[in-house]
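# 3D, please:
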Amino acid sequence: MSDFRGSHLVDPQLVPLLGILPKEFTADNLDALRQPFPAMPLPEELLAATTLEERTIPGLDGEPDVRLVLIRPKTLPANAPAVLNFHGGGYLIGRAEMSEASQRPIAQKLDCLIVNVDYRLAPENPYPAQINDGYAALKWLFENAADLGVDATRIGVMGDSAGGGLAAAMALLARDKGEYKLAFQYLVYPMLDDRTCTSSDPHPYAGEVGWNNNSNRFGWSALLGHEPGKDGVSPYAAPARAEDLSGLPPTFIMTAALDLFVEENFEYARRLLRAGVPTDFHCYPGAIHGFYSIPGSVVSGRAVAEGHGALARFFGA
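Have a look, this model is predicted:
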């Protein structure tokens, strides 16, 4: 994994990742990739200061129940902010608790509630299963904000990779339905545009590791139920398809310079800015897809610190 075209551009501290990241997602290895990763050991003081709780809520009318994982400080202040989070995994793999190691510190430091959605996975459950699960969770969070100790004016959405795409779709859907007003969207290398799979001018260096174009085509095909790039794809499946981005909440986007999604992330940020949406955009040189979740490098540490700063600003801290 060290001799691909852009290998000389990878941050040296991230090179060890290249041997452990999946080379490609396929129908043949999907079951193996869905096996849970070993849990990252967490400091005892962090476990003592925060809690993790599972809940099951009703789905939308006629839809299955939705499993949630709530992470919060042991003592949540009154009228606390909250984040509805969607995990990554290309819409193919992942579970709600997979970001526990990165979310417990957020809950502790920023005194917030994080609600993780265990949305249904493709290809067994194509679009709109994921957006329906997400909206059921959004509805539950807003309608139970007082009982949860949450300030309903400080609820936002967050996600990474496919989860970032789902968070962006949730922001679009919430805007269009007009039932609940989001305070922000926080997107980490979001998966936004199925047309990236069919580009006639692909990035010459990005997307070689972590999540490549073949994996992207597989993920989008699984989600959509057909080949990506066709006309008529809903913006609630592929947010880059939305014609109008005005009226969306303040936005934080971070991406990696060597990520397959880097150009679609740049383009989405550009369009948000042109639509009058306050947008904070960060691109990290030498970084690859997934780097944000891997501790130990200067670039990931910087990204985490800047991300926490953005959340603090959104929360009004």
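# quick one: the top helix by length along the chain to chain centroid distance?
Taking DSSP state H as the criterion, the chain has its longest helix at helix 298-315. Put simply, helix 298-315 sits 15 Å off its chain's centre (Cα atoms, centre = their mean, to the nearest Å).
# ok, now stretch 169-185?
When C-alpha coordinates are averaged (Cα atoms, centre = their mean), stretch 169-185 and its chain have centres 16 Å apart.
# buried sites along the host helix or strand of Tyr135?
Using DSSP states H and E, Tyr135 sits in helix 129-143. Buried residues in helix 129-143, counted by 16 or more other Cβ atoms under 10 Å: 129-142. For every residue, glycine as well, the C-beta is placed using N, CA and C.
# same check on stretch 90-108?
Buried positions in stretch 90-108, judged by neighbour count with 16+ other Cβ under 10 Å: 90-100, 102-108.
# and stretch 305-317, by the same measure?
By 16+ other Cβ under 10 Å, the buried positions in stretch 305-317 come out as 307-308, 310-311, 314-315.
# for the record, mean pLDDT for the longest helix of the chain?
When pLDDT is averaged along helix 298-315, the result is 97.
# can you name every helix or strand that that helix contacts?
Using 3 or more Cβ pairs under 8 Å, 6 or more residues apart in numbering; DSSP states H and E as the contact test, the elements touching helix 298-315 are strand 80-86, helix 100-110, strand 150-160, strand 185-188, strand 251-256, strand 279-284.
# and those as CSV, adding distance to Ala238 and mean pLDDT?
Listed next are the helices and strands packed on helix 298-315 as CSV, based on distance: least, Cβ to Cβ, whole Å; pLDDT from 0 to 100:
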stretch, distance to Ala238, mean pLDDT
strand 80-86, 15, 98
helix 100-110, 26, 96
strand 150-160, 14, 98
strand 185-188, 14, 98
strand 251-256, 16, 98
strand 279-284, 19, 98
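# give me the beta-bridge partners of Asn85?
In this entry, Asn85 is beta-bridged to Asn116, Met158, by DSSP bridges.
# what separation do you get for Tyr119 and Leu173?
13 Å (Cβ to Cβ, to the nearest Å).
# would you mind identifying the next helix or strand past the helix holding Tyr135?
Downstream of helix 129-143, the next assigned helix or strand under DSSP H and E is helix 145-148.
# buried stuff in that next one?
Using 16+ other Cβ under 10 Å as the test for burial, helix 145-148 gives 145, 148.
# number of residues surrounding Val209?
26 (other Cβ atoms under 10 Å).
# wait, it touches Phe4, no?
Yes. In this structure, Val209 is within contact of Phe4 by Cβ atoms under 8 Å, at 6.6 Å.
# circling back to that earlier point, which of Tyr119 and Leu173 has more neighbours?
Ranked by neighbour count (other Cβ under 10 Å), Tyr119 and Leu173 place Tyr119 first, with 26 against 21.
# was I right about the more buried one contacting Phe86?
Yes. Counting by Cβ under 8 Å, Phe86 is a contact partner of Tyr119 at 6.6 Å.
# need the residues touching each of these two.
Counting by Cβ atoms under 8 Å, 6 or more residues apart in numbering, the common neighbours of Tyr119 and Phe86 are 134, 166.
# how far out from the middle of the chain is stretch 142-151?
In terms of Cα atoms, centre = their mean, the gap separating the centre of stretch 142-151 from the centre of its chain is 23 Å.
# ok, and what's touching that stretch?
Stretch 142-151 is contacted by residues 76-82, 113, 141, 152, 155, 179-180 when judged by Cβ under 8 Å, 6+ apart.
# closest to Ala222 among those residues?
Ala222 lies nearest to Leu141 out of the contacts of stretch 142-151, by Cβ to Cβ, at 27.1 Å.
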